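Colleague: how would this look folded up:
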Amino acid sequence: MKVVKNRWRGIGLPAQEGLAPEEISTSANSAFTLFAACPRTMTTPLVERPDIAGELGVATLHIKDERARMGLGSFKALGAAYAIAREADARVRDGRAKTHESALIGQTFACASAGNHGLSLAAGAPVFGAKAVVFIAETVPEAFAERLRAKGADVVRAGATYEDSIAAAEKMSVDNSWHFLPDGTWLGQTAAGKAVMEGYLVMGEEIANQIPQAPTHVFLQAGVGGLAAAGAISARAKWGDDVTIIVIEPEAAPALQASIEAGGPVTTTGPVSNMGRLDCKEPSHLALKLLAREADWFVTITDADAAGCVDWLAGKELATTPSGGAGIAGLKCLAAVSSDVGLAPTSRILCYLSEGPEDG
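Modeller: Presented below is the predicted three-dimensional model:
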């Protein structure tokens, strides 16, 4: 475990090429309005677990349980689906389409995915008449490819890594005039990833209405950083500077932590992590910009830490994956050692359980 204090907190990274000038909204109103029309939209629970809190030596633990989000089993349902819904809504509003259901007929949306972002795109596109194409790396299990196909998506295997599949998805989208919808952002490609992150704001709004008292610490797992950025923005908007925000990444893919240390975007290298959804070697540049300003600490955990936490959570009827439980794994690791993040018997903790088990 490596713990890094964010020296850019409150001021942000120095202006430089690659850091998007955009901001994401601090309000989830737009996303709530669009999702209200979806019959599968429902608020996910915020679960209080005094038993786990006691075991970890903190006052309270609340877990935002995203395992049943819109029937897709992950917070990612809020991302691509929202970005697609927003495009459909724009076409209805300006007269290019008569109904939302037919607004995107003839359009194709494409993304690369190591997991749930692809499921969100696969589920969201056909609702509005569009096709979905999901690019996956050679290492992604065939069982996941079958889940995508079951939702009507075309699946294309491309490259040995997630980054390879992103490059292939972007090129094919340009070649075929598709809508490329990544869940990250980088130089020249920010609009789609920004929309995805704004969909994630729904979670923060729900939490604010569910939690009985403001947390002292928020733990946010991160791959490219979209969930973490949205969670951090929501936390600061609701609770200001009184909350400590801690970002958790795999030791094998510390893209955000390394970028914070370097003072700018860094592409990292490392082995394949069992936290597959978080195994991203390059950060979303917009997410990095926002987290540099809002997060307090960046922490990496090992694959063994994550796997052990999955087994531990399963025994507490919180079945998940190493990625889905990574924030809780980070809390568990920090609670076991002396650190500077300020955990104490009076601490009130908020974590996200971001997805269900692979066979769930």
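Colleague: From here on, just use CA atoms for contacts and neighbour counts.
Modeller: Noted.
Colleague: Break down the chain into its helices, ranges please.
Modeller: Using DSSP state H, the helices found in the chain span residues 29-35, 50-56, 80-93, 116-127, 142-150, 162-176, 191-210, 226-239, 255-262, 285-294, 303-314, 326-335.
Colleague: Now render the ones you listed as CSV, adding distance to residue 64 and mean pLDDT.
Modeller: CSV is the format used below for these (distance: least, Cα to Cα, whole Å; pLDDT from 0 to 100):
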stretch, distance to residue 64, mean pLDDT
helix 29-35, 17, 62
helix 50-56, 14, 97
helix 80-93, 20, 83
helix 116-127, 17, 82
helix 142-150, 24, 87
helix 162-176, 27, 91
helix 191-210, 7, 83
helix 226-239, 11, 93
helix 255-262, 23, 97
helix 285-294, 20, 93
helix 303-314, 14, 97
helix 326-335, 11, 97
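Colleague: In TSV: the ones you listed, plus distance to residue 271.
Modeller: Conversion of those to TSV gives the following (distance: least, Cα to Cα, whole Å):
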stretch	distance to residue 271
helix 29-35	36
helix 50-56	30
helix 80-93	28
helix 116-127	21
helix 142-150	21
helix 162-176	13
helix 191-210	26
helix 226-239	22
helix 255-262	13
helix 285-294	22
helix 303-314	11
helix 326-335	17
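Colleague: Nearest to residue 269 among those helices would be which one?
Modeller: Nearest of the helices of the chain to residue 269, taken as Cα to Cα: helix 255-262 at 8.7 Å.
Colleague: ok, and what's touching the closest one?
Modeller: Helix 255-262 has contacts (Cα atoms under 8 Å, 6 or more residues apart in numbering) with 4, 6-8, 223-225, 249, 265-268, 280-283, 288, 292, 298-300.
Colleague: which of the residues in it are buried?
Modeller: 255-261 (16 or more other Cα atoms under 10 Å).
Colleague: And for stretch 154-172?
Modeller: 154-159, 161-170.
Colleague: Tell me how far that stretch lies from the chain's centre.
Modeller: Counting by Cα atoms, centre = their mean, to the nearest Å, stretch 154-172 is centred 19 Å from the centre of its parent chain.
Colleague: Now that residue 169 has come up, it's in contact with residue 111, right?
Modeller: Yes. The criterion here is Cα atoms under 8 Å, and residue 169 meets it with residue 111 at 5.9 Å.
Colleague: what do the two both touch?
Modeller: Counting by Cα under 8 Å, 6+ apart, the residues touching both residue 169 and residue 111 are 134-135, 180.
Colleague: For residue 106, state which of those is nearest.
Modeller: Using Cα to Cα, the shared contacts of residue 169 and residue 111 come closest to residue 106 at residue 180, 14.7 Å.
Colleague: what's across from that closest one in the sheet?
Modeller: residue 110 (DSSP bridges).
Colleague: and if you look at residue 355?
Modeller: Beta-bridge partners of residue 355, counted by DSSP bridges, are residue 74.
Colleague: Surely it touches residue 321?
Modeller: Yes. Using Cα under 8 Å, residue 355 makes contact with residue 321 at a distance of 7.0 Å.
Colleague: Contact partners for the residue nearest the centre of the chain?
Modeller: Closest to where the C-alpha atoms of the chain average out (Cα atoms, centre = their mean) is residue 227, at 3.0 Å. Contacts for residue 227 (Cα under 8 Å, 6+ apart) come out as 197, 200, 220-221.
Colleague: Repeat that for residue 161.
Modeller: Counting by Cα under 8 Å, 6+ apart, residue 161 touches 137-139.
Colleague: Including neighbour count, pLDDT and distance to residue 244, could those go into TSV?
Modeller: Output for the contacts of residue 161, formatted as TSV (neighbours: other Cα atoms under 10 Å; pLDDT from 0 to 100; distance: Cα to Cα, whole Å):
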residue	neighbour count	pLDDT	distance to residue 244
137	21	89	36
138	16	89	38
139	15	82	36
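Colleague: Out of the helices of the chain, which gets nearest to residue 274?
Modeller: For the helices of the chain, the distance to residue 274 is smallest for helix 303-314, at 5.9 Å, taking Cα to Cα.
Colleague: For that closest one, which residues meet the burial criterion?
Modeller: For helix 303-314, by 16+ other Cα under 10 Å, it's 303, 305-307, 309-310, 313.
Colleague: care to break this protein down by domain?
Modeller: 2-74+200-353, 80-182 (automatic domain parsing).
Colleague: The closest residue to residue 243 other than its chain neighbours and residue 305, how far apart?
Modeller: Among residues not flanking residue 243 along the chain, residue 216 sits closest, at 4.7 Å (Cα to Cα, 6 or more residues apart in numbering). As judged by Cα to Cα, to the nearest Å, residue 216 and residue 305 stand 23 Å apart.
Colleague: So residue 53 sits against residue 47, correct?
Modeller: No. At 11.8 Å, residue 53 does not count as touching residue 47 under the criterion of Cα under 8 Å.
Colleague: Which of the two has more residues huddled nearby?
Modeller: Applying other Cα atoms under 10 Å to residue 53 and residue 47 shows that residue 53 carries more neighbours, namely 18 against 15.
Colleague: Pull the contacting residues for that one.
Modeller: Contacts for residue 53 were tallied using Cα under 8 Å, 6+ apart; they are 59-61.
Colleague: ok, it to residue 344 distance?
Modeller: Applying Cα to Cα to residue 53 and residue 344 gives a distance of 11 Å.
Colleague: likewise residue 262?
Modeller: Distance of residue 262 to residue 344, given as Cα to Cα: 30 Å.
Colleague: Much appreciated, bye for now.
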